[in-house]
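Student: my questions concern the predicted model and sequence given below.
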There are 2 protein chains.
Amino acid sequence: MLEFNWKNVDEAVIGKEHGINVKKEFESYKGKVADIVSDIYSNKSTAGKWLAWMNLGYNEDLIKEINEYAQSVKGKFDNLLVLGIGGSALGGIAVTEALLKPYWNVLNNDQRNNMPRIFFVDNIDPDQIQGLLDVLDLKKTLVNVITKSGSTAETMSAFMIIKEMLEKEPGADYKNNIVATTDIHKGILRQIADEEDLKSFIVPDDVGGRFSVFSAVGLLPFALVGIDIAEILKGVRDMDKALSNTDINNNIAAQNALIHYLMDENGKNLSVMMPYSSRLRFVSDWYVQLWAESLGKDKDLDGNDVNIGPTPIKALGATDQHSQIQLYNEGPNDKLINFIRVKEFDNTLEIPKVFQNTGISYLGGKTINDLNNAEAESTKVALNDYKRPNVTITLPKVNEYYLGQILYMLEVQTAIAGALYNIDTFNQPGVEQAKNYTYALMDREGYEESAKTLKQKINA
Amino acid sequence: MLEFNWKNVDEAVIGKEHGINVKKEFESYKGKVADIVSDIYSNKSTAGKWLAWMNLGYNEDLIKEINEYAQSVKGKFDNLLVLGIGGSALGGIAVTEALLKPYWNVLNNDQRNNMPRIFFVDNIDPDQIQGLLDVLDLKKTLVNVITKSGSTAETMSAFMIIKEMLEKEPGADYKNNIVATTDIHKGILRQIADEEDLKSFIVPDDVGGRFSVFSAVGLLPFALVGIDIAEILKGVRDMDKALSNTDINNNIAAQNALIHYLMDENGKNLSVMMPYSSRLRFVSDWYVQLWAESLGKDKDLDGNDVNIGPTPIKALGATDQHSQIQLYNEGPNDKLINFIRVKEFDNTLEIPKVFQNTGISYLGGKTINDLNNAEAESTKVALNDYKRPNVTITLPKVNEYYLGQILYMLEVQTAIAGALYNIDTFNQPGVEQAKNYTYALMDREGYEESAKTLKQKINA
């Protein structure tokens, strides 16, 4: 199991002004946290509670269906192109960057075990999309278009371009090059998939985009590049069981949720996610969406105006020691740093004994692993010296099993934090306005009046 | 010239509680800002002021020297491998990602105009470094190792590994595969470069790492992959001239520095950098270091404890509309969003009229460019509706000239902001402690006592 260490938020380490008495706080929130955990777990399968993501680890049929499809297309495509944005891309990027060999798209076929290269289009940048179209042989590309509603303009506009190009490719039966991941019954992409008779997988109901990584949204692309999805879900299930423990002393998601909540109360409402592993760097991007979109809310569940939400921040160790750490140490004491550590890397890389007559001779004979560890530990102790709170999540290894564990842990942590804040963790009303404005600017039918108002505002 | 628009921080747009009367503030800070700008510009060439980066745009000799070297190695290498961390990597990554064709390392030789692929090692992750070594044919790789002091453990340990591997490659005259960028006289890498007779370029004195992008630190790798460095410096010079204007009404760097300073005073001390261009996404990473390390300080110039510094945050439009915008709109009103817009993309990408019987028919006939613009404008207006301050920097195009302009503008903005905060913009004392701890843990001579204390702290 992955480990969680909170000792560097304790007042024993960083003092009373910035730290808390962790044991005491756990004790005083014991009842409340137990209620929250038991409430969340008992509502897993209740429609409308948006907690169906908690069941995703148990879907053996889906694993089978996805692996069968992956097997059926194996060797047929050089590239997998994923069209999705936000929750339809961030989990995919985080997991594939962590689990595929580094520099995957630069490797040759043998090095990739004949698995396809993988590309994500998660933005609407004409230069980037055109650049990608210049790179890809579409005939040899499997396109996975992901949107539950099918109304996501970014994803669908890219899909429209690529669908037409595929159709024009001489000799290609373009339908075999497309697989849709969308709602089972309704929505625009479902309509298209049915009309065009496209292969499709399901985005289940009551699973929000940012909680969808363990549905077909994530699992399908993972399986298509050779990642062991059964092993990912094994990690999810083991973590799910561990986190069903209502005793905060034995529930690491509840512990980190409560620590974040109390730190926020103490003026530390920035949550930095800082893995000391390049392979885990996009886990931070995924976490940023999860944390920001779930907890950044203007109203609480009783309708009070609260405008709350800790701001998540991406960082990468050791790289950001040369970028953000100066601010973390000396700037405002307003951050809680989440270290992610890897106990055992896949490789051990020795530093040879060269340049022995210079001031860096001490590095010779050590390993890059030693140095990574020394820098992480040193940064932690320095943060302690500056009385900056920090916690550490430790993965035994970067593999399917532990990646499933950490992502699921962070999801449950988010749900518990939302309950502590007394807000709706699962909606995102604050992005609707801009969507409507975009429809208006793009001349979508029914938005003519908004268009007028909007154009006035823009030109004001 | 690039443009700067501050109207969405004005109280006329976002109200008196969160906005400011910009014209009035400019008027009342007019004298102070004029003093700051004139002070900075008059100290450009004063030793010890760390303002020598302001002269980098004018070094015609360096352009010549770099271009000659680039010409001499042209066609000889398949890969350029840059070893550097923090300021020795972030500018390089930002500029090459912006100016090279997208997916550069996946393109074939023809598509790259026979220029090398480019890789940066800016972390000490054994899996990533090993992965890269598996990818690169070192005989066909030019290694540019960048560190002014040569004591940067991350960079030098990677260099030690690669140097030994190069030496062992049969038949390779390994010295031709290495070019060092370091101090002109002193330091460990200078010693090595002299002893091994390596080709080298200079990191000039009085230029901090985070302000070094327009020295050989950045220009050499840029030239080696075919970027027009003369054109970059032309942009720098034109911006330098524009920003020497001491009248805040005509100085966009001073305007944005003052706006950030006043917003911080008003409780908005998070500075979000959000380009609506995938190619510019690493400009945000570069900005994060520049802003965080320069302005996050515990003492002001009079020795008072201040613990100040706005926290910079990376974002990417339109992608982060599906991630961070919910928080920006509804969460605490503690952020100032910096949009970066591109007026004209290199490509115009039409969305075909397919799926005309569905709810996304409105997209057909429009362009990805239209959609990018609509989303940016809509997000801006929604932020205004929520009374969230935002400014916009607009680049006419993403090219050498305007990239030089924006990076230099942000550098000058940082220097002016530091003066407004009355802090030392150019030091970074807060990272020294962790460095010393790392030396201790790595058994560097002279750190034996710290090692003992440290080990106690770690095991406490």
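Tutor: That came through, no problem.

Student: which SSE is A:Thr181 in?
Tutor: strand A:178-182 (DSSP states H and E).

Student: I figured A:Leu371 hits B:Thr152, correct?
Tutor: No - here A:Leu371 does not reach B:Thr152: they are 11.3 Å apart, not a contact under Cβ atoms under 8 Å. All C-beta atoms are positioned from the backbone trio N, CA, C, and that covers glycine.

Student: who has more neighbours, these two?
Tutor: Higher neighbour count among A:Leu371 and B:Thr152: B:Thr152, with 26 against 23, using other Cβ atoms under 10 Å in any protein chain shown.

Student: that one reaches B:Ala89, doesn't it?
Tutor: No - contact criterion Cβ under 8 Å: B:Thr152 and B:Ala89 do not qualify, at 10.8 Å.

Student: quick one: mean pLDDT for the strand holding A:Thr181?
Tutor: Mean pLDDT, computed over strand A:178-182, is 98.

Student: beyond that strand, next helix or strand please.
Tutor: helix A:188-196.

Student: residues of that following helix that come out buried?
Tutor: Neighbour counts over helix A:188-196 (16 or more other Cβ atoms under 10 Å in any protein chain shown) mark A:Ile188, A:Leu189, A:Arg190, A:Gln191, A:Ile192, A:Ala193 as buried.

Student: apart from its chain neighbours, what residue comes closest to the fifth one?
Tutor: Yep, that's A:Ile192 we're talking about. Distances taken as Cβ to Cβ, 6 or more residues apart in numbering or on different chains put B:Phe355 closest to A:Ile192, at 5.9 Å, once the chain neighbours are dropped.

Student: pLDDT value on that neighbour, please?
Tutor: So B:Phe355 comes in at 96 (pLDDT).

Student: my guess is it contacts A:Met160. True?
Tutor: Yes - the criterion here is Cβ under 8 Å, and B:Phe355 meets it with A:Met160 at 6.5 Å.

Student: domain-wise, how is chain A divided?
Tutor: A:3-42+A:233-429, A:52-227 (automatic domain parsing).

Student: just so I know, which of those domains lies nearest B:Thr379?
Tutor: B:Thr379 lies closest, by Cβ to Cβ, to one member of the domains of chain A: domain A:52-227, at 12.5 Å.

Student: what about that closest one, start to end distance?
Tutor: 24 Å (Cα to Cα, to the nearest Å).

Student: what does stretch A:133-144 give?
Tutor: Note: stretch A:133-144 ends 15 Å apart using Cα to Cα.

Student: overlap of the contact sets of B:Phe355 and A:Met160?
Tutor: Contact criterion Cβ atoms under 8 Å, 6 or more residues apart in numbering or on different chains; residues shared by B:Phe355 and A:Met160: B:Gly364.

Student: for the stretch 251-400 of chain A, what spans make up the helices?
Tutor: For the stretch 251-400 of chain A, the helices defined by DSSP state H, counting those that start in this stretch occupy A:252-265, A:281-295, A:325-330, A:368-385, A:400-421.

Student: what lies in contact with the third one?
Tutor: Defining contact as Cβ under 8 Å, 6+ apart, one finds that helix A:325-330 is touched by A:272, A:335, A:337, A:379, A:382-383, A:386, A:388, B:292-293, B:295-298, B:307, B:309, B:311, B:428-431, B:433-434.

Student: how far does that helix sit from its chain's centre?
Tutor: Distance of helix A:325-330 from its chain centroid, counting by Cα atoms, centre = their mean, to the nearest Å, is 25 Å.

Student: ranges for the strands of chain A?
Tutor: A:3-5, A:79-83, A:117-121, A:141-146, A:178-182, A:199-202, A:270-275, A:297-299, A:305-308, A:311-314, A:335-342, A:390-395 (DSSP state E).
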